[in-house]
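Engineer: Model the following, please.
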Amino acid sequence: MKKKAGDDAVGAWRPLSKYKEKIKMEKKPFGTVNDGAEVSLYSFTNKNGVTMTVTELGATLVSLLVPDRDGNPVDVVLGYDTPQEYIAGGCYFGAVIAPNGNRIDKGRFTIGEKTYQLPINDNENNLHSGPHGVDEWVWNVAKIDEEANSISFQVRIPDGNNGFPGNIDTTVTYTLTEDNAVTLHYEAVSDADTIANMTNHTYFNLAGHASGSIEDHTLILTADHYTPVIDSQAIPTGEIAPVSGTPMDFLTGKTIGLDVDADFEQLKFVGGYDHNYVLPDNGGKVQKVAEAYCEESGICMETFTDCCAIQLYVGNGISEQTGKGGVTYRKRQGFCLESQFCPNAINDPAFKSPILKKGEKYDTQTSYRFSVKN
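Structural biologist: Below you'll find the model as predicted:
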């Protein structure tokens, strides 16, 4: 059997001696947002020296320090140094997206007998729930559990906000585990039938956020089918197509850059990988769906989710801009693995429905677990 990239990564972690005891949560000022409200940074460190830093602005993952194979801390997520940059930026770095991630065709959908119109903010579509969404809001810190390295953020999305029905009470809990996973637990309840399809838009670079292109990262995706798009609008055709024999195939692992610019219509439509992969049916249970590896740092990242699909985006649209520490970010300097329902699922009966019924609970979980490979 052919060995896959990163097969020997799990369990290869070497704890750093200086982190024999877990460091308590640290809270630091981050700055102010447009209305003058102050926001903070909350940092959690486990016994292995992994440090997760989040903020209530957008329930955003701001920093993730992971020791590389030599024990040097590497910040593996893209971001900014100030709240104002997060609000002004157009890439959703590290943010939670709610109530709906990805695209809705022409921003229009029907639930029951009522049709809803959302704002158009991506070509002719609604993307990530529209402009000035919860990625720009200050969430409430509902709970901090220092023993569990966990923090919960809550927000109510009011009825009619950006056109979505229902008052949607939303919770996101970040947990940093002792086996080096960042777990996101999404929960929501609405007082009317609505859409619930939350995700996180962290851009990962396992060589470090300041290291340049991620095209040399090796990626495995367990999905043997994906959803082709109609054109550059990036709305799926409704087909669930096999990856076999196409540049979309990551089943046995390959570098992101190997086929990203291939002469393949789907990649040309959106300038590289920005496609939804349909995951194996696991009965709604959490399963491993992806593994990324950076030979330079030795860092591996496994992705686990109970969702039915995941969007692979390789930062084709990152415009040249200033990121954390004054670093210049450019095209394909980070990749995203966004757990979700299929894009435009609300309008396509071929896909699992993202409708959340009144009074029912939306409850889903995604984890990113880190290790090193010798």
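
Engineer: alpha carbons only for contacts and neighbour counts from here, please
Structural biologist: Will do.

Engineer: so what pLDDT did residue 15 get?
Structural biologist: Confidence at residue 15, expressed as pLDDT, is 45.

Engineer: And the helices in this structure?
Structural biologist: 83-88, 265-270 (DSSP state H).

Engineer: Just name the shakiest helix or strand of the chain by mean pLDDT.
Structural biologist: strand 23-32 (a mean of 93; mean pLDDT, DSSP states H and E).

Engineer: ok, it: who's next to it in the sheet?
Structural biologist: strand 38-45 (antiparallel) (DSSP bridges).

Engineer: ok, and for the strand it pairs with, which residues are buried?
Structural biologist: 39-45 (16 or more other C-alpha atoms under 10 Å).

Engineer: wait, which of those residues is closest to residue 62?
Structural biologist: Closest to residue 62 out of these is residue 41 (8.2 Å), distances taken as C-alpha to C-alpha.

Engineer: which residues of the stretch 101-250 of the chain score low on pLDDT?
Structural biologist: Within the stretch 101-250 of the chain, no stretch falls below the threshold (pLDDT under 70).

Engineer: shouldn't residue 103 be in contact with residue 127?
Structural biologist: Yes. Counting by C-alpha atoms under 8 Å, residue 103 touches residue 127, with 4.5 Å between them.

Engineer: what's the burial count for residue 351?
Structural biologist: As a burial measure, residue 351 scores 20 neighbours (other C-alpha atoms under 10 Å).

Engineer: And stretch 148-164, end to end?
Structural biologist: Stretch 148-164 stretches 34 Å from its first residue to its last (C-alpha to C-alpha, to the nearest Å).

Engineer: Could you provide the buried residues of strand 38-45 in CSV, with additional columns for distance to residue 26 and pLDDT?
Structural biologist: CSV is the format used below for the buried residues of strand 38-45 (distance: C-alpha to C-alpha, whole Å; pLDDT from 0 to 100):
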residue, distance to residue 26, pLDDT
39, 14, 98
40, 10, 98
41, 8, 98
42, 6, 98
43, 5, 98
44, 7, 98
45, 9, 97
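
Engineer: Out of those, which comes closest to residue 122?
Structural biologist: Out of the buried residues of strand 38-45, the member with the shortest distance to residue 122 (by C-alpha to C-alpha) is residue 39, at 28.8 Å.

Engineer: ok, what's across the strand from the closest one?
Structural biologist: residue 31.

Engineer: residues in contact with it?
Structural biologist: 29-33, 55-57, 83, 138 (C-alpha atoms under 8 Å, 6 or more residues apart in numbering).

Engineer: same deal with residue 276?
Structural biologist: Residue 276 sits next to 226-228, 309-312, 342-343 when contact means C-alpha under 8 Å, 6+ apart.

Engineer: repeat that with 7 Å
Structural biologist: Counting by C-alpha atoms under 7 Å, 6 or more residues apart in numbering, residue 276 touches 226-227, 309-312, 342.

Engineer: Around the residue lying closest to it once chain neighbours are set aside, how many other residues sit close by?
Structural biologist: Once flanking residues are discounted, residue 276 sits nearest to residue 311: 4.2 Å by C-alpha to C-alpha, 6 or more residues apart in numbering. When neighbours are counted by other C-alpha under 10 Å, residue 311 registers 25.

Engineer: Going forward, the N-terminal residue is numbered 23.
Structural biologist: Sure, I'll start numbering at 23, so the last one becomes residue 333.

Engineer: Residue 314 and residue 238, how far apart?
Structural biologist: 10 Å.

Engineer: Those two: who's more crowded?
Structural biologist: residue 314 (25 against 16).

Engineer: Across the sheet, point out what pairs with the more buried one.
Structural biologist: In beta-bridge terms (that is, DSSP bridges), residue 314 pairs with residue 241, residue 323.

Engineer: Surely it touches residue 242?
Structural biologist: Yes. Judged on C-alpha atoms under 7 Å, residue 314 makes contact with residue 242 at a distance of 6.3 Å.

Engineer: Okay, the nearest residue to residue 307 once chain neighbours are set aside and residue 362: tell me how far apart.
Structural biologist: Closest residue in space to residue 307, ignoring its immediate chain neighbours: residue 328 at 5.0 Å, by C-alpha to C-alpha, 6+ apart. Residue 328 sits 9 Å away from residue 362, going by C-alpha to C-alpha.

Engineer: Between these two, point out the one with more neighbours.
Structural biologist: Taking neighbours as other C-alpha under 10 Å, residue 328 and residue 362 compare with residue 362 leading, 27 against 22.

Engineer: give me every residue that touches residue 159.
Structural biologist: If you count contacts by C-alpha under 7 Å, 6+ apart, residue 159 has them with 79-80.

Engineer: Ok, residue 129 next?
Structural biologist: Here residue 129 is in contact with 139-142, 147-148 (C-alpha under 7 Å, 6+ apart).
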